[in-house]
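Colleague: only geometry, no sequence info:
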């Protein structure tokens, strides 16, 4: 049976299932969401208006037995960047979508009744829009309520930040433990909120499974792939032991850990919030050091972090969160950050954008750098209740900067820079500048070669080789995001040719195709260009591919480096 | 003696006087500020950072005896639009600048000391940066303090909105009565605040006067010009009697009075806030029906508005203010609006942008449409004290919309649309869309032919002729703004060829040149293109010349018209 597109139109409150058009057949994940957005969304529409659409799609390999393929992509026009957006995450929904034969879910229109709120319920071969009383509830309560008596269902939901249409609102996905994974960036939660959709529930049917053309060949390739992941020191050892937060000390050492709103690349409190400290605390307090965000993950970079009394505080406590709310705000109190992380999950707001926005507010003197209580108060009282201050922060770092008259506002295309200073890790700076997504480390994670010496070493402080590095990674990432692969599979791919071969073999075995590694890269390149073309039609041009002025004016200690790429150098990124 | 450029550098705290470069010699007012910005300001700089500059210049005819030539232009990169900005106003400073031989004042750099604040004091042939204790004071107190014992001095100042670097902060100029005129739009007050400049004082010297090459010819032309102004029904009768607020009823009748955040072109409370009602109230309460914003004004569109007990409430109470804070917020309580107007003058914030932002907040449910007490509270408590809500509103309508998740946000290039619905007054819509200044009625006041039948009649509800109309007016306005002429001289110019001849004669008599009317128009066209070129370098393209989506989606009652220009039609504006 062929996969189908499920579509819900909130303007008419009708939902239906339709065939997949020929041109979308070979796409999944990000490639698919971006293709739908590019063809169906008017580029100059208001992101929260009736002409925007929200698209969910599992990756091409999602739902199979292959390791680390359980990523769900969401796409739309971003309320944060005003450009095209794709954001992806683990959790259980990608696999449930794929196994139920859902190629994509497209949510469109706006409800006429301003006081009614809805959920979307998907069962095998059916989709319904239903009224809900869960509007106003946190993500955890929402997931719990929907899972009652229906434990295996997948849930995609928004918290109150999405309901309030905050531009930093994310979309949450239930993970195997009933906790949350986040489609974090770009404010797609606000798009879901604008359509009055609180949740999407997917109820699995027995015997749902993804059709694989050549199961024997697939199994063999999947085995080779898993082996490659586990053999790599980063995905097989570093990430499972310390999680992504292994990077706090690494970036501090490299002088690229943005501290106090990108004023330095060193944070004196790094050790208190490091992955090593966190690992020991988790063990001491009876948490879980490793834990996967979806079934079939062999990397297990997540964890369960308890408080000092051994009670659950948070999980999925990532480096970028700890950086944004920690070093970038001058805060070194890990328990406060964990508490805030769980709150932000419940409220449904991007931790990176929130931390960056608070740091900008700190720069403006709204609160002091290092004020962990002040930070928690902003999340718990202001954002959650939608006070004017909470709305400002919830609108992201750029708006916060404009509201408070701050000149040092680290954003590209309206989206906050994540946890790597572009002056000291220049490859990631090129990714920030050029990605059609706005500043986003996951779009082309040059930290690999710049810092981790994966896929070779390219000096992070020099310009040489960075553009090519970022280009290759952005193209490869667009392919991985289309396949539904976790970005951390890239470590093995970059260092071991067998990993890439295995992916190509899996794709071919699944669909009966005979594509090559080059075809996979061409696919990534075409996705990237399609996204850029949408942005052009939405009014972007090469001037949007620039870092804020202050990175060129201010030296970043300790290396005292500035951002020194010329416009021509940056623009050469697109020569492919 | 030749005019000079006065320059103050806040980074070094040095100020000096320099010769006017050859290429700037024939420019004044807007032409001059835009030329300096275009040549000296890095287009991608942060508007509040050290690389932006603030330029003041009197018009080419300012300081002469010619009627209505006392306009002062300010220019810089706008914190509101991120593009080039010129804003002009009456008051006494333009004439004092011109008579003291100040071609332009350029303020640049940023002070290193974050806790010191400054004023600039200009005497004949001298300029000094001085420390001030007036930071934190309102505009009225500032003007009063600086004028003490120095009544004839000119004062240019910012209120607390500018100090807080609000993107809607304006710059105030002392008028002949010691009250305030505002360089209202585009947030140049925030640029002045970012440089820690509270005020510029110009102390006149005896015998200062503008050099006129041929005084006899000048006098003759000036007489002809004044006669033309007074002979025209709008500038000679309508404006002196009812002020600009004569337009409230006119626009209501035309169905183009934007009401409740551009939801209708009719306001049921129009009569209560109309110019006719205001005229009667002023007379009843012993105010002044007519009053000029600068010496030499023969139109006298301003007034003094008292409260019911006969005490001064406000002056310079314009149609656009009354519309923005009245009809657009659903408020019909004229006394409250007058009270708020005076407060906004003291705080130094643009009344159009503030009214538009509050209306967007009303649409979001922050307060109710029609809540005049709520409006006054926002101005008096929130904006003045810089509460988070005050900062949001002070950042303008676009930010307010983003913060509260509103889709109906009437802005172009980040600046709020003024008092004429572009769907029902289509010529002004073309001006809003295309002006390099962002939405601005004064940039090309198509209301003339669309509504007032001045310069012929072009049906406001039809597309025919609007692009040419707006183009001709925008070019002519750039010339008038360069000459230092009040925009209301345009009524006479459009209907009476003698007015334009008189202007050309005055320009020639003043400088000994022999330009023609065509040369004056070419000058305007070149200024407009220079401004657009700056914006292009700042990242703008044709997609920025678009009205928000909702004007094309929603019909405007009572004519039920939409905004229906195609992209191609709008872009044809620039074919000159």
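Modeller: Received the coordinates, thanks. This structure is a prediction, so every number in the text was calculated from the model and none was measured. Numbers count the residues shown, from 1 in each chain, chains lettered A, B, ... in the order given.
Colleague: Show me what the helix or strand that residue A:403 is a member of is packed up against.
Modeller: Here residue A:403, judged by DSSP states H and E, is contained in helix A:397-404. Other helices and strands packing on helix A:397-404, by 3 or more C-beta pairs under 8 Å, 6 or more residues apart in numbering or on different chains; DSSP states H and E, are helix A:351-363, helix A:388-394, strand A:411-412, strand A:415-416, helix B:388-394, helix B:397-404. All C-beta atoms are positioned from the backbone trio N, CA, C, and that covers glycine.
Colleague: Enumerate every residue touching the closest residue to chain B within the stretch 101-250 of chain A.
Modeller: Closest residue of the stretch 101-250 of chain A to chain B, C-beta to the nearest C-beta: residue A:165 (2.8 Å). Residues counted as contacts of residue A:165 (C-beta atoms under 8 Å, 6 or more residues apart in numbering or on different chains) are A:48, A:79, A:190, A:193-194, B:404-405.
Colleague: for chain B, what are the nearby residues on the stretch 351-500 of chain A?
Modeller: Residues of the stretch 351-500 of chain A lying near chain B by C-beta under 8 Å from any C-beta of the partner chain: A:387-389, A:391-392, A:394-395, A:399, A:402-407.
Colleague: Tell me how far stretch A:270-285 lies from the chain's centre.
Modeller: How far stretch A:270-285 lies from its chain's middle: 24 Å, per C-alpha atoms, centre = their mean, to the nearest Å.
Colleague: if we can go back for a sec, for the helix holding residue A:403, the distance to its chain's centre please.
Modeller: Between the centre of helix A:397-404 and the centre of its chain there are 22 Å (C-alpha atoms, centre = their mean).
Colleague: That helix vs helix A:351-363, what angle?
Modeller: 20 degrees (axes from the mean of the first three to the mean of the last three C-alpha atoms, to 10 degrees).
Colleague: hmm, who's touching helix A:397-404?
Modeller: By C-beta under 8 Å, 6+ apart, the surrounding residues in contact with helix A:397-404 are A:167, A:353, A:356-361, A:364, A:366, A:392-393, A:406-411, A:414-416, B:79, B:165, B:167, B:388, B:391-392, B:394-395, B:399, B:402-403.
Colleague: Need the contacts of residue A:165 in TSV (columns: secondary structure).
Modeller: Converted to TSV, these look like this (DSSP: H, G, I helix; E, B strand; the rest coil):
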residue	secondary structure
A:48	coil
A:79	coil
A:190	helix
A:193	helix
A:194	helix
B:404	helix
B:405	coil
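Colleague: among these, who's most crowded?
Modeller: Among those, residue A:190 has the most neighbours (other C-beta atoms under 10 Å in any protein chain shown), with 33 neighbours.
Colleague: Contacts only, for that residue.
Modeller: Residue A:190 sits next to A:47-48, A:79, A:161-162, A:164-167, A:169, B:405 when contact means C-beta under 8 Å, 6+ apart.
Colleague: Include pLDDT, distance to residue A:473 and secondary structure when you put the residues you listed into a markdown table, please.
Modeller: Below are the contacts of residue A:190 laid out as a markdown table (pLDDT from 0 to 100; distance: C-beta to C-beta, whole Å; DSSP: H, G, I helix; E, B strand; the rest coil):
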| residue | pLDDT | distance to residue A:473 | secondary structure |
| --- | --- | --- | --- |
| A:47 | 98 | 27 | coil |
| A:48 | 98 | 32 | coil |
| A:79 | 98 | 27 | coil |
| A:161 | 98 | 30 | helix |
| A:162 | 98 | 30 | helix |
| A:164 | 98 | 35 | coil |
| A:165 | 98 | 33 | coil |
| A:166 | 98 | 30 | coil |
| A:167 | 98 | 27 | coil |
| A:169 | 98 | 28 | strand |
| B:405 | 98 | 34 | coil |
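Colleague: Nearest to residue B:18 among these?
Modeller: Residue B:18 lies nearest to residue A:167 out of these, by C-beta to C-beta, at 45.4 Å.
Colleague: and residue A:237, what is it in contact with?
Modeller: Contact criterion C-beta under 8 Å, 6+ apart gives no residues in contact with residue A:237.
Colleague: Could you tell me how many residues sit around residue A:370?
Modeller: Residue A:370: 15 neighbours (other C-beta under 10 Å).
Colleague: Checking my notes, it in a strand, right?
Modeller: No - counting by three-state DSSP, one finds residue A:370 to be coil, located in no strand.
Colleague: Looks like it contacts residue A:336 (just checking).
Modeller: No - under the criterion of C-beta atoms under 8 Å, residue A:370 is not in contact with residue A:336, lying 10.9 Å apart.
Colleague: And stretch A:380-398, what's buried?
Modeller: A:380, A:382-384, A:386-398 (16 or more other C-beta atoms under 10 Å in any protein chain shown).
Colleague: any idea of the mean pLDDT in that stretch?
Modeller: In this model, stretch A:380-398 carries a mean pLDDT of 98.
Colleague: Same question for stretch A:55-73.
Modeller: 97.
Colleague: Kindly check the end-to-end length of that stretch for me.
Modeller: Stretch A:55-73 has its terminal residues 8 Å apart, counting by C-alpha to C-alpha, to the nearest Å.
Colleague: mind listing what's buried in it?
Modeller: If you call a residue buried by 16+ other C-beta under 10 Å, then stretch A:55-73 has these buried ones: A:55-73.
Colleague: Of those, which belong to strands?
Modeller: Among those, the residues falling in strands (DSSP state E) are A:55-58, A:72-73.
Colleague: of all these, which comes closest to chain B?
Modeller: Nearest to chain B, judged by C-beta to the nearest C-beta, of these is residue A:55 at 19.6 Å.
Colleague: Might one say that residue A:46 is in contact with residue B:550?
Modeller: Yes - Residue A:46 is within contact range of residue B:550, at 7.2 Å (criterion: C-beta under 8 Å).
Colleague: shared neighbours, those two?
Modeller: Residues touching both residue A:46 and residue B:550 (C-beta under 8 Å, 6+ apart): residue B:407.
Colleague: Those two: which has the busier surroundings?
Modeller: Of the pair residue A:46 and residue B:550, residue A:46 is the one with more neighbours under other C-beta under 10 Å, namely 22 against 19.
Colleague: how close does that one get to residue B:410?
Modeller: 12 Å (C-beta to C-beta, to the nearest Å).
Colleague: shared neighbours of the two, anything?
Modeller: Common neighbours of residue A:46 and residue B:410 (C-beta under 8 Å, 6+ apart) are B:548, B:550.
Colleague: my read: residue A:375 touches residue A:331, true?
Modeller: Yes - here residue A:375 reaches residue A:331: they are 6.2 Å apart, a contact under C-beta under 8 Å.
Colleague: In terms of neighbours, single out the busier of those two.
Modeller: Between residue A:375 and residue A:331, residue A:331 has the larger neighbour count (other C-beta under 10 Å), namely 30 against 27.
Colleague: what's near enough to touch that one?
Modeller: A:269, A:273, A:325, A:337, A:369-372, A:375.
Colleague: Same list, the buried residues of stretch A:55-73, but only the ones touching chain B.
Modeller: Within the buried residues of stretch A:55-73, nothing lies near chain B by C-beta under 8 Å from any C-beta.
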